[in-house]
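Asks: Sequence first, then the predicted structure, then my questions.
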Amino acid sequence: MPVNAILGATSAFVAAQAGHAAAGLAWFAVSSVVNLTRFGLCRAPCAGLAVPEGAPPEQARAGARAIDRHLRLATLTAFLSGLVWSLVALLCDGYTAPQTLFYLVVVCGITAGAVTHGMAFAAIPASFITPPLLTVAFCLAHAGGIDRIGLAFTVLLYLAALLRSAVETERGFRRTSRLKNEATALARARQEAHAAASALADEMRRRATHDALTGLMNRAGFAQGAEARILRPGPAPCLMLLDLDGFKSVNDVYGHSTGDRVLIEVARRLRRTLPAEALAARFGGDEFAILYDPAAGPSPADLAAALIGAVVEPFESFDTGRLGISIGLCHAHGPSLTEMLTCADEALYAAKAAGRNRFRIFDEGLRGRLEMRRDSERDLSHALAENGLAVWFQPIFGEGGRRVAGLEALVRWNHPVHGWIPPGEIVAAAARAGLTESLLRFILEQVCGAMQALRAGGVPDIRVAMNVSPREMAQIPVDEIVLDRLRALGLGPALLEIEITEETALDIEAVQGKLLALSRAGIRVALDDFGIGYSSLASLRQLRAGRVKIDRSLVTGLSDSDDKRGLVQAVLGLGRALGLEVVAEGVETAEDLATLRTLGCPFVQGYHLGRPVPAEQALRQALACRPDAA
């Protein structure tokens, strides 16, 4: 359009020089008005071009209609401009004046320029060039003469060529634009696919390292972050293992959905209490782990106390005080994450043994216990194979402590490094090492040897008792092992007694069939540690118990405690009512023994009467009770 205006001014000037000043000025004014209209239309905003990508279909259709209207107006104004240029014929007497050559060059040039410039939409240049070129051809043909008619035909060919060029140019532009748009869309799609794949990979990495329920890290994610921090030079980090107290009760009473909400809330409270840079993870179930730098935050003891205080705050879902937490801490520099986890787990075990809502820092005392546990697990198989273990026997007395009525087998192990290993640790080491059945068979063999010795010595009324742990009772076929060995040795089942703890009553269904088989065969079942655990009257029957042993915590100091005397008397009354034998264990003073005799307790056991001794010594003591030994 600027070129259009310049050529229009030049044409008006030439017309003025040829004596047509008024007509040239009028023509230029009309041309200027049309050009300004076209310029304003080009600069006017088009609502269709403002429609964003991905707009709703209705909005997209409205935008397309707005663009069509804008193009139609542009085509109309181009046609008006073409009509104005067709009036050039008036300035040169129908292309017969001497200035005809100038005007022909101008008209042909501006029409060629219009086609070259209007490559995107053929209708606009076609509307502009058709009126002036048809006018030129008509005027030349009307003037007559072979040269003018030939020139008119040439103009028509020129018009046809320009129209064809405009159409082909538009087609090429559309094709190029389509390819460009497709390429852009493909690039955008690839970019979006890459972004989606990256987001999916990030999400998969997050899921691989984070707990889906609480949003904390999981064990794998915690291990990655913790190992990097442990290897970092600087102050020693602190590792904490946390275990909820009473969470199983919450699940059992209120349901697992409430349990999940509790875990989410506990995780939120942990994050709220922890320093910002601390790593927190849920290892599974109700166990959590934390690693942080005490140099940049509170001391381990202060943070552990704060975490306990945060967890024991009231929950809306259940009774206040039902949930607590125990924490084990390992604050050391140098050990690997695996070693720190082992130490923290040992401290956690000690904290839980001390009661709920407590924490314990791993120290030298716990280190010694941990080393003992490791060494006992490692050396137990060798001890079993080389007779490094022994079975001692502690007498059980009848008639108020005057006669040996039974022997209780107790496993003993004098470790070459750690000395005497507690029986409970021996059983636990056997479970960890996969030697539970081997340990049971070893003890059973020693018990059967004692039974044979008693039978050979003419003391058939002394039973021999052996302890069977809940894990042994649940995991291995105790009934089959015991009964098969008794049959192989020709021993009567009535000479054997199986002692189980009240903890076994927690899973009666898993052990009831085995106890029933033992009881039906004639083996007596005794319930140890009675009075402090889980037993009920129903469980006594389901466990096939024929004897209960009052826990030593109720017997020790019995002579000085009215409450304990009342509890022991109640157990004795229960035994008489249900036809159960009652044994009071843990008798350590003459005063307690005298009180038990006063209460009518038929059987007693304890250090005051007889300590555990090796098998030979225990058998000599038992054989001294035979009738002909008096």
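Replies: Okay, I see it.
Asks: only C-alpha atoms for contact and neighbour calcs from this point on.
Replies: Fine.
Asks: What backbone torsions are found at the most centrally placed residue in the chain?
Replies: Nearest to the geometric centre of the chain sits D211, at 1.4 Å (CA atoms, centre = their mean). D211 adopts backbone torsions of phi -80, psi 130, taken as degrees, to the nearest 10.
Asks: what's the closest non-adjacent residue to it?
Replies: Among residues not flanking D211 along the chain, N218 sits closest, at 4.9 Å (CA to CA, 6 or more residues apart in numbering).
Asks: right, and that neighbour touches H210 too?
Replies: Yes - counting by CA atoms under 8 Å, N218 touches H210, with 4.6 Å between them.
Asks: Touching both of these two, which residues are there?
Replies: The contact sets of N218 and H210 overlap at A281 (CA atoms under 8 Å, 6 or more residues apart in numbering).
Asks: do you know how far F39 is from L348?
Replies: 84 Å (CA to CA, to the nearest Å).
Asks: Mind listing the strands the longest strand along the chain pairs with, and their directions?
Replies: Longest strand in the chain, counting residues (DSSP state E): strand 403-415. If you go by DSSP bridges, strand 403-415 pairs up with strand 389-398 (antiparallel), strand 419-420 (antiparallel), strand 463-467 (parallel).
Asks: one step back: ramachandran coordinates for the residue nearest to D211?
Replies: Per degrees, to the nearest 10, the backbone of N218 is at phi -100, psi -170.
Asks: can you count the residues close to it?
Replies: Other residues within reach of N218, judged by other CA atoms under 10 Å, total 23.
Asks: same check, this time on R576
Replies: Counted with other CA under 10 Å, R576 comes out at 12.
Asks: any idea how far P56 is from it?
Replies: R576 is 87 Å from P56, where distance means CA to CA.
Asks: picking that back up, which among the strands paired with strand 403-415 is found nearest to G24?
Replies: Among the strands paired with strand 403-415, the nearest to G24 by CA to CA is strand 419-420 (126.5 Å).
Asks: ok, the residue lying closest to R367 once chain neighbours are set aside - contacts?
Replies: Nearest non-adjacent residue to R367, counting by CA to CA, 6+ apart: C343, 7.5 Å away. Under the criterion of CA under 8 Å, 6+ apart, the neighbours of C343 are 329-330, 362, 367, 370.
Asks: now V115, nearest residue through space, not along the chain?
Replies: Closest to V115 by CA to CA, 6+ apart is P125, at 5.3 Å.
Asks: The one you found contacts A166, correct?
Replies: Yes - P125 is in contact with A166 according to CA under 8 Å; the separation is 7.2 Å.
Asks: okay, and the common contacts of the two?
Replies: Contacts common to P125 and A166, judged by CA under 8 Å, 6+ apart, are 115, 118.
Asks: residues in contact with the residue nearest to the centre of the chain?
Replies: D211 touches 217-218, 281-282, counting by CA under 8 Å, 6+ apart.
Asks: Any chance of the residues you listed in a markdown table with secondary structure and pLDDT as columns?
Replies: Shown next, in a markdown table, are the contacts of D211 (DSSP: H, G, I helix; E, B strand; the rest coil; pLDDT from 0 to 100):
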| residue | secondary structure | pLDDT |
| --- | --- | --- |
| M217 | strand | 92 |
| N218 | coil | 92 |
| A281 | strand | 94 |
| R282 | strand | 94 |
